[in-house]
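Trainee: Dropping a prediction and its sequence here:
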Amino acid sequence: MALFRMVCMLLDVRDSLQLLDRYRLAYPKTALCEGKADVLDQASGMAFPLVLKASSRQQSHKTEKGLVQLGIRDLDELAHAFDRLAYKSRHFELDAFVVQEQAHGAELMVGALRDSVFGPSVLFGLGGVLTELLQETAVRVCPLAKRDAQALLSETKARIFFQNGGFRGKKASAKPVLDVLLKTSKLMEKESVESLDFNPVMADEKKALIVDPRIVVQE
Amino acid sequence: MNRDFRSPPSKSPSKPGLSVFFTPRSVAVIGASRDASKVGHGVLKNLVSGGVFYAQSAKPFSGPVYPVNPAAERILGKRCHASVLDISGPVDLAVVCVPAHAVLGVVRQCVQKKVKACVLISAGFSETGDADLQQSILATARKGGMRILGPNTLGLIRPSMRLNASFGLTTPRPGSIAFLSQSGALADSVIDWALEEDYAFSAIVSVGNMADVGFAELIEHFTDDVQTRVISIYAEGVQDGPAFMRALRYAERKRKPVVVLHGGKTKTGQAAASTHTASLASSSAVFEGVLRQTGARSVDTLTDLFAVSSALSACPPCRNAWAVLTNAGGVGVLASDYADRFGVRLVPLSDAVLKKLDATKKLPSTWSRRNPLDLIGDATAERYAAALGVLMSEPSVSGVLVAQTLQTMTEPMENAKLLAAARKKFPKKPILAVFLGGKYSRTAMQYLNRHGVPQFGEVELAVKAAAALSR
């Protein structure tokens, strides 16, 4: 039906982080590196445990392909992790090696899309692998009012993390997550972003950090 | 922002409103047919008699009805006209049942005749691929200031005006539910069902392809309609998302409840919907989000749609603080389970309330002494009356769900009468009735329907209705 097919492109990690910066969307301390020396050098200014990722726009599901190493405790482990990732990714076109402080907390998902009828909309739900399994996401159309963002937090099973006891020792406070939702709404209204996926957003009682942004823009 | 929040957002001085569809003084049927198997016959019959099928509520339209058919002398006792232009008196509403290729010509004539609104029953436009023809028709109508419902619609029914401008089977009772349906055939079955279940309507509108009049404008129209207390919608998709949201927000501000059954929630359903109504299907999660964002109530089944709508049409919204009154422990347990699932709060009964209940001296020593309030199987109407009296005048209880199972000593009619009396005495406190049963409960159920007490065949439905009433 459409005469002009929209050309969409996944932003690379550098442009993604820049866009997050522009909207003051928080992510863990991150360094984008070229090679092993750079990785080890950058890590010296960061707090362990760290995460190392071989980032490529051509590869989704990095974890399943062994392109992510979590829980790196020291420089030795980091050097080993680098060698392994470099080997596994030898056939891919890499954007960068990403060194990141490892975030902890409840795994949440914040997403956004452009609906053909209602326009830009923000999605929220449990993060990690559970997002796909549960197929339970709550949606609000942009612009989100504060009460819309609050409603999102209570509409899915993810609500348990914001309740008094939390779940399995993980508790999140609402404020930083509301902040992510409202800023995402603003971003969707102002930028030519077709869809985005912040999964997981790691939330605890102080902050909510976007660990792995996937942002698709209209070219 | 200095927008006027009191007037409907779609209203504009250049576009006439929708009132003419529902309050025409005269109606022409273009493409009226002598053949009883044709749509053009059914529409005419509905106008001149109120229904093709018999119903007590079906009455002839009170104004002039003009059949248009160049080949016929008279149909159903009415003199035929060769074209709409040959009618001597003014025509407010035209119902068009000619084949698609002839519609544009008919619409031109209607504009020339200064017809105010057209119901285009004819099918074969954007839903089957001919979107250009639909556009030309719309442009012609717009230029002439004429409004269009459809094409590809079953038509519309306004029972209070004795107006049945549709090929629906008959006219249901006048009431306060405005039902808007994106499926015409579904509306048809709903009419039959309504006769059985005693649902009563302020209007039934099949929206068709929504070339001109769409959900948004209809929601605004019925928000401002004094007869309508609840707007019930079967929707598969909308064309103008922002206008739809503005309309729902307008209804929310005016406190007119809107209940929506969204068809096409799954990929399979969406594929069926796209060939059915030619509207863009949103992702179901987005549509659901829109409903929540705008304060509309979303339901999953047709049964739920009308159960919830009938409760909202009969009762005012209330706080979420319910009591359950029953003569069966099992019903109390089920009601508690459903209450938990659908977010209905059952209030604990305070000592003061328990004392008042004891003081009636009508309850057996074995009564439950808690909410759900179990009056025990041998409860007579007298026992129900005593307990209901206390609950209805108790401020901590905002609504009462009254369940009855049929035992040999149960008095269904007496119980129905006392519920109707309580409904009258406490108009601000909802009473929802569940008379579980069939054959020997039917008369009492009908009595409840006719006396403004919403009744449900299932405990689950009543609790869903309680959830919809709780704000």
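Mentor: Looks like it arrived, so ask away.
Trainee: helices or strands up against the host helix or strand of B:Leu391?
Mentor: Assigned by DSSP states H and E, B:Leu391 belongs to helix B:381-392. If contacts are counted by 3 or more Cβ pairs under 8 Å, 6 or more residues apart in numbering or on different chains; DSSP states H and E, helix B:381-392 sits against strand B:322-326, helix B:351-359, strand B:399-405, helix B:412-425. In short, each C-beta sits where N, CA and C put it, glycine included.
Trainee: if you compare these, which one is most tucked away?
Mentor: Across those, the average number of neighbours (mean count of other Cβ atoms under 10 Å in any protein chain shown) peaks for strand B:322-326, which reaches a mean of 27.
Trainee: tell me the angle it makes with helix B:351-359.
Mentor: Relative orientation of strand B:322-326 and helix B:351-359, computed by axes from the mean of the first three to the mean of the last three Cα atoms, to 10 degrees: 20 degrees.
Trainee: how about strand B:322-326 as PDB, C-alpha atoms only?
Mentor: C-alpha atoms of strand B:322-326 as PDB (Å, rounded to 0.1, in the frame of the first residue of the first chain):
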ATOM      1  CA  TRP B 322     -19.100  -2.900  48.100                       C
ATOM      2  CA  ALA B 323     -21.100  -5.300  50.100                       C
ATOM      3  CA  VAL B 324     -22.400  -8.700  48.900                       C
ATOM      4  CA  LEU B 325     -25.700 -10.000  50.100                       C
ATOM      5  CA  THR B 326     -26.400 -13.700  49.300                       C
END
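Trainee: Now do that strand: distance to the chain's middle.
Mentor: Put simply, strand B:322-326 sits 27 Å off its chain's centre (Cα atoms, centre = their mean, to the nearest Å).
Trainee: Which element is encountered next along the chain beyond that strand?
Mentor: The helix or strand immediately downstream of strand B:322-326 is helix B:329-342, counting by DSSP H and E.
Trainee: Please name the residues that touch B:Leu120.
Mentor: B:Val96, B:Val103, B:Val107, B:Ile137, B:Ile148, B:Leu149, B:Gly150, B:Pro151, B:Asn152, B:Thr153, B:Gly208, B:Ala211 (Cβ atoms under 8 Å, 6 or more residues apart in numbering or on different chains).
Trainee: So among those residues, which ones count as buried?
Mentor: Those of the contacts of B:Leu120 that meet the buried threshold are B:Val96, B:Val103, B:Val107, B:Ile137, B:Ile148, B:Leu149, B:Gly150, B:Pro151, B:Asn152, B:Thr153, B:Gly208, B:Ala211, by 16 or more other Cβ atoms under 10 Å in any protein chain shown.
Trainee: Keep only those of those that are in strands.
Mentor: Using DSSP state E, the members of the buried ones among the contacts of B:Leu120 that fall in strands are B:Val96, B:Ile148, B:Leu149.
Trainee: Name the nearest of these relative to B:Phe215.
Mentor: B:Leu149 (12.0 Å; Cβ to Cβ).
Trainee: Give the next helix or strand downstream of the lowest-mean-pLDDT helix or strand in chain B.
Mentor: Within chain B, no helix or strand scores below helix B:267-277, which has a mean of 55 by mean pLDDT, DSSP states H and E. Next along the chain after helix B:267-277, taking DSSP H and E as the criterion, comes helix B:284-293.
Trainee: And chain A, is that following helix touching that?
Mentor: Yes: counting by Cβ under 8 Å from any Cβ of the partner chain, chain A is contacted by helix B:284-293 at B:Ala285, B:Val286, B:Phe287, B:Glu288, B:Gly289, B:Val290, B:Arg292, B:Gln293.
Trainee: Contact partners for the third one?
Mentor: Contacts of B:Phe287 were listed using Cβ under 8 Å, 6+ apart, and they are A:Phe118, B:Gly237, B:His262.
Trainee: got it, and the last one?
Mentor: Applying Cβ under 8 Å, 6+ apart to B:Gln293 gives the contacts A:Arg140, A:Val141, A:Asp148, A:Ala151, B:Met245.
Trainee: Check the second one too.
Mentor: With contact set as Cβ under 8 Å, 6+ apart, B:Val286 has these partners: A:Leu113, A:Asp115, A:Val117, A:Phe118, A:Ser121, A:Val139, A:Val141.
Trainee: Near chain B, list only the ones from the residues you listed.
Mentor: Counting by Cβ under 8 Å from any Cβ, A:Leu113, A:Asp115, A:Val117, A:Phe118, A:Ser121, A:Val139, A:Val141 from the contacts of B:Val286 sit close to chain B.
Trainee: Just send those back as TSV, with distance to B:Gly31, pLDDT and neighbour count too.
Mentor: Shown next, in TSV, are the ones next to chain B among the contacts of B:Val286 (distance: Cβ to Cβ, whole Å; pLDDT from 0 to 100; neighbours: other Cβ atoms under 10 Å in any protein chain shown):
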residue	distance to B:Gly31	pLDDT	neighbour count
A:Leu113	44	92	22
A:Asp115	39	90	21
A:Val117	33	91	20
A:Phe118	37	94	26
A:Ser121	43	95	26
A:Val139	44	94	28
A:Val141	41	97	24
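Trainee: Dump the residues you listed into JSON lines; add distance to B:Asp35 and secondary structure as well.
Mentor: As requested, the ones next to chain B among the contacts of B:Val286 are exported to JSON lines (distance: Cβ to Cβ, whole Å; DSSP: H, G, I helix; E, B strand; the rest coil):
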{"residue": "A:Leu113", "distance to B:Asp35": "50", "secondary structure": "strand"}
{"residue": "A:Asp115", "distance to B:Asp35": "45", "secondary structure": "strand"}
{"residue": "A:Val117", "distance to B:Asp35": "40", "secondary structure": "coil"}
{"residue": "A:Phe118", "distance to B:Asp35": "44", "secondary structure": "coil"}
{"residue": "A:Ser121", "distance to B:Asp35": "49", "secondary structure": "strand"}
{"residue": "A:Val139", "distance to B:Asp35": "49", "secondary structure": "strand"}
{"residue": "A:Val141", "distance to B:Asp35": "48", "secondary structure": "strand"}
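Trainee: care to break chain A down by domain?
Mentor: A:8-26+A:104-218, A:30-101 (automatic domain parsing).
Trainee: Just name the most buried of these.
Mentor: domain A:8-26+A:104-218 (a mean of 19).
Trainee: Pull the distance from it to the chain's centre.
Mentor: Worked out by Cα atoms, centre = their mean, domain A:8-26+A:104-218 lies 8 Å from the chain centre.
Trainee: Kindly report the residues of chain A close to chain B.
Mentor: A:113, A:115-119, A:121, A:123, A:137-141, A:148, A:151, A:155.
Trainee: which residues touch A:Leu67?
Mentor: Contacts for A:Leu67 (Cβ under 8 Å, 6+ apart) come out as A:Lys53, A:Ala54, A:Ser55, A:Ser56, A:Gln59, A:Leu85, A:Lys88, A:Ser89.
Trainee: Can you tell me, leaving aside adjacent residues, what's nearest to the first one?
Mentor: Okay, so that is A:Lys53. A:Val98 (4.4 Å; Cβ to Cβ, 6 or more residues apart in numbering or on different chains).
Trainee: Dig out what whichever residue of chain A sits closest to chain B forms beta bridges with.
Mentor: Going by Cβ to the nearest Cβ, chain B is nearest to A:Val139 of chain A, at 3.1 Å. Beta-bridge partners recorded for A:Val139 (DSSP bridges): A:Leu123.
Trainee: Can you give the contact residues for the helix or strand hosting A:Val177?
Mentor: Assessed by DSSP H and E, A:Val177 sits inside helix A:174-190. Helix A:174-190 is contacted by residues A:19, A:23-26, A:108, A:110, A:112, A:114, A:120-122, A:124, A:140, A:142-144, A:146, A:149-150, A:152-153, A:162, A:193, A:196, A:198, A:201, A:203, A:206-208, A:210 when judged by Cβ under 8 Å, 6+ apart.
Trainee: With that, I have no additional questions.
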